[in-house]
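*Asks:* Give me coordinates for this.
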Amino acid sequence: MKLTYFGHSAFLITIKGVNILIDPFLDGNPLSPVKSGSVPADYIILTHGHGDHLGDTCKIADRTGATIICIFELGNLLEQKGFTVHKMHVGGSFAFPFGRVKFTIAHHGSSVGAAYAGAPAGVLITAEGKTVYHTGDTGLFLDMKLIGEMNKVDAMLLPIGDNYTMGIDDAVKAVEFVNPKLAVPIHFNTFEEIEADPQLFVRRITSLGKTGRVMHFGEEIEL
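*Replies:* Take a look at the predicted model:
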């Protein structure tokens, strides 16, 4: 399983030759090293409908024919536009050809323009004996402990930018709750409102005996 970070909350996960994009905010993302016209996608997973997460989903899906995996109400909106959608909901899981996807709770909002887009979510992706937990946009919540107890999380991708999501203090506590093998900070420095020091986050969790890594934009790691 390979993870490539495109800045903000956007990732490409490659599993057995299958390309899965998460929250592909690329063209409007000043930190992204790639644009929507060049990324591969067999599937696109969305944590919620806000523009910096829905991003370039429609352009990418139109070009690639990718199946969009998302919460039911957001899926309805995208289905009405003619896209291929697999609709799910929080707590539900499904086995796709590349692995299992399960949506978790997240404390945030979700809309596409003025249209309600269902619940925000985090997502667990399990394949090849590895589990990645992308928290989506969220504040800290105690049930993260349950997620950590019920899943051996190899990589936790979590926001540190504050204002709209957890800041560094709460993100450190989230890592304590989940206890992943690796924690990767996301959702920072894209906009002025979410400026944060990812190295400070890594130092803080390292002092607690946890492992963190700041992924450079465009960097690829293998789990």
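*Asks:* How about residues contacting the longest helix along the chain?
*Replies:* Longest helix in the chain by number of residues (criterion: DSSP state H): helix 168-178. By CB atoms under 8 Å, 6 or more residues apart in numbering, the surrounding residues in contact with helix 168-178 are 133, 135, 139-140, 142, 144-145, 147-148, 153, 156, 158-160, 162, 166, 183, 185, 196-197, 200-201, 204-205, 208, 210, 212. From N, CA and C alone the C-beta is placed, and that goes for glycine too.
*Asks:* from those residues, which would you call buried?
*Replies:* 133, 135, 140, 144, 147-148, 153, 156, 158-160, 162, 166, 183, 185, 196, 201, 204-205, 210, 212 (16 or more other CB atoms under 10 Å).
*Asks:* Just the ones of those residues in helices?
*Replies:* Among the buried ones among the contacts of helix 168-178, the members found in helices (DSSP H) are 144, 147-148, 201, 204-205.
*Asks:* do you know how far residue 26 is from residue 181?
*Replies:* Per CB to CB, to the nearest Å, residue 26 is found 28 Å from residue 181.
*Asks:* one step back: if we go by neighbour counts, what in the longest helix of the chain is buried?
*Replies:* Residues of helix 168-178 classed as buried: 168, 170-175, 177-178 (neighbour count, 16+ other CB under 10 Å).
*Asks:* Quick one: low-confidence residue ranges for this protein.
*Replies:* Across the chain, nothing is flagged by pLDDT under 70.
*Asks:* helix or strand for residue 78, which one?
*Replies:* helix 72-79 (DSSP states H and E).
*Asks:* That helix - contacts with which helices or strands?
*Replies:* Applying 3 or more CB pairs under 8 Å, 6 or more residues apart in numbering; DSSP states H and E, one finds that helix 72-79 makes contact with strand 67-71, strand 85-88.
*Asks:* Pick the most buried one from those strands.
*Replies:* Among those, the stretch with the highest mean neighbour count (mean count of other CB atoms under 10 Å) is strand 67-71, at a mean of 23.
*Asks:* Check which helices and strands that strand is in contact with.
*Replies:* strand 43-45, helix 72-79, strand 85-88.
*Asks:* nearest to residue 109, of the ones you listed?
*Replies:* helix 72-79 (11.9 Å; CB to CB).
*Asks:* In that closest one, which of the residues would be classed as buried?
*Replies:* Residues 72-75, 77-78 are the ones in helix 72-79 that count as buried (16+ other CB under 10 Å).
*Asks:* Equivalent analysis for stretch 105-125, please.
*Replies:* The neighbour-count check on stretch 105-125 (16+ other CB under 10 Å) flags 105-106, 108, 110-112, 117-125 as buried.
*Asks:* Among these, which lie within strands?
*Replies:* Those of those mapping onto strands are 105, 111-112, 121-125, per DSSP state E.
*Asks:* Excluding chain neighbours, give the residue nearest to residue 206 in space.
*Replies:* Nearest residue to residue 206, sequence neighbours excluded (CB to CB, 6 or more residues apart in numbering): residue 212, at 6.2 Å.
*Asks:* Spatially central residue in the protein, please.
*Replies:* residue 134 (4.0 Å; CA atoms, centre = their mean).
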